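[1] give me the fold of what follows.
(2 chains)
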Amino acid sequence: MQLMLNNLDKNIIEKIGLSDKNILLFYKGIMNNNILSVFTRFIETQTMVFPKVTRKINRVLIELAQNISYYSIEKSKFKEENRGVGIIVVKELPNSFLLISGNKIQDRTGQKLLKHCNYINSLNINKLKEFKIQQRIKSGLRENRSNIGLVQVALITSNPIEPEIIKENEVESFYILKVKFSKF
Amino acid sequence: MKKLIIKKDEEKNYFPNVLFDNKKGRCEINGESFMESPDVFYSPLINWLLEFIEENTKPLEFIFKLRYYNTASSKFIVKILKILSIYKNKGYIVDIKWHIDNDDTDLEDDIEGFSIETDLPIEIIYA
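    You can find the predicted model right below:
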């Protein structure tokens, strides 16, 4: 793991808690569906005692990994296509599982993201459901993105989503999102 | 009009299996759907359904057995349901079923949302 962590800022390693011993999954690299397929199967084996939570983790994992693939400004070539690079971490805590995603963003989009997450956290379940439908209708069929990924994440977790922006320089920041899943 | 059959590649389990049978009036989507370009995957399904509702008057049974799907795919699920809604509003029989695990309340909520958005009843079948 040390080799993979070498190009990560110390501050990020600390915020994500990458030296913790309770990590079930750690990945840094490009996100694509083949990798995601492997992760979802792996999570099923690691959390099989909590099948309801397994489904929740995998559904959120799919959304967050695809957000990295689309929106990370750190790109790497895969089969002639530029793919977003980021981090996925899954930890097991005594009463919950914690899924963390991280990727580089333009510094100027950081505040917008925080505002969006705070708005989502301010909505109750019924308002979230309404917001999801409104946003899906708004996005139309032209794009392959629905812009409801984070709303769906909030609905699935039933806990507040925890965003954090770490400024790296004048242009770039690192965006971390933590999502908790209660075991019981 | 031909059957539409898409068999998933075991290596790519983020594409579902599809079997649309016009003779039986039965359509099924089965598996997982979290591909990156759902428009490419769902276009032939949508075109098939548009042709079906144009040419047919027979009852149509539509079965979803989707467990994981990304929110991008959910847009196309809504599109499919809206086509079924047009058929139903013409006065023809449409029967939609969604198979889910017994304790999958998240999917249950999602299906309820699809039903509200498209004004179509969706029967949930628990495993």
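[2] measure B:Leu81 to B:Ile46 for me?
    11 Å (CB to CB, to the nearest Å). Every C-beta, even on glycine, is put in place using the N, C-alpha and C of the backbone.
[3] between the two, point out the one with more neighbours.
    Neighbour count, other CB atoms under 10 Å in any protein chain shown: between B:Leu81 and B:Ile46, B:Leu81 has more, with 20 against 16.
[4] what's the nearest residue to that one if we skip its chain neighbours?
    Once flanking residues are discounted, B:Leu81 sits nearest to B:Thr118: 4.0 Å by CB to CB, 6 or more residues apart in numbering or on different chains.
[5] so the one you found makes contact with B:Val78?
    Yes - B:Thr118 is in contact with B:Val78 according to CB atoms under 8 Å; the separation is 6.3 Å.
[6] mind giving me the packing neighbours of the longest strand along chain B?
    In chain B, taking DSSP state E as the definition, the longest strand is strand B:60-69. Applying 3 or more CB pairs under 8 Å, 6 or more residues apart in numbering or on different chains; DSSP states H and E, one finds that strand B:60-69 contacts helix A:51-71, strand B:26-33, helix B:71-89, strand B:94-100.
[7] what residues sit buried inside stretch B:46-61?
    Neighbour-count burial for stretch B:46-61, counted by 16 or more other CB atoms under 10 Å in any protein chain shown, picks out B:Ile46, B:Trp48, B:Leu49, B:Phe52, B:Ile53, B:Leu60.
[8] isn't the second one up against B:Leu4?
    In other words, B:Trp48. Yes - contact criterion CB under 8 Å: B:Trp48 and B:Leu4 qualify, at 4.7 Å.
[9] quick one on the thing from earlier: nearest to A:Phe181, of the helices and strands packed on strand B:60-69?
    When those are compared by CB to CB, helix A:51-71 sits nearest A:Phe181, at 5.1 Å.
[10] any chance of the helices and strands packed on strand B:60-69 in a markdown table, with mean pLDDT too?
    Listed next are the helices and strands packed on strand B:60-69 as a markdown table, based on pLDDT from 0 to 100:
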| stretch | mean pLDDT |
| --- | --- |
| helix A:51-71 | 96 |
| strand B:26-33 | 97 |
| helix B:71-89 | 96 |
| strand B:94-100 | 98 |
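[11] B:Tyr126 is nearest to which of these?
    That would be strand B:94-100 among the helices and strands packed on strand B:60-69, by CB to CB, at 6.3 Å.
[12] near chain A at all, the closest one?
    No - on the criterion CB under 8 Å from any CB of the partner chain, strand B:94-100 is out of touch with chain A, staying 10.1 Å away.
[13] in that strand, which residues are buried?
    B:Val94, B:Asp95, B:Ile96, B:Trp98, B:His99, B:Ile100.
[14] which pLDDT value goes with A:Leu18?
    You'll see A:Leu18 listed with a pLDDT of 83.
[15] tell me the secondary structure for it?
    Look at A:Leu18: counting by DSSP: H, G, I helix; E, B strand; the rest coil, its state is coil.
[16] try B:Gly91
    With three-state DSSP as the basis, B:Gly91 sits in coil.
[17] angles on the backbone of it, please.
    Main-chain torsions, B:Gly91, degrees, to the nearest 10: phi 100, psi 10.
[18] how about the helices in chain A?
    When secondary structure is read from DSSP state H, chain A shows helices at A:2-5, A:10-16, A:33-46, A:51-71, A:107-122, A:125-139, A:149-157.
[19] how much space between A:Leu155 and chain B?
    7 Å (CB to the nearest CB, to the nearest Å).
[20] skip the chain neighbours and tell me the closest residue to that residue.
    Of all residues not flanking A:Leu155 in the chain, A:Leu128 sits nearest, at 5.3 Å (CB to CB, 6+ apart).
[21] report pLDDT for the one you found.
    Value listed for A:Leu128 in the pLDDT field: 96.
[22] just A:Arg142 next, same as before
    A:Arg142 is given a pLDDT of 60.
[23] what average pLDDT does stretch B:4-12 get?
    Stretch B:4-12 comes out at a mean pLDDT of 89.
[24] what residues of that stretch count as buried?
    Here stretch B:4-12 shows B:Leu4, B:Lys8 as buried, counting by 16+ other CB under 10 Å.
[25] show residues contacting it.
    For stretch B:4-12, the surrounding residues in contact (CB atoms under 8 Å, 6 or more residues apart in numbering or on different chains) are A:33-34, A:37, B:15-20, B:31, B:44-45, B:48.
[26] nearest to B:Ser74, of those residues?
    B:Pro16 (13.1 Å).
[27] chain B versus A:Leu18, what's the distance?
    26 Å.
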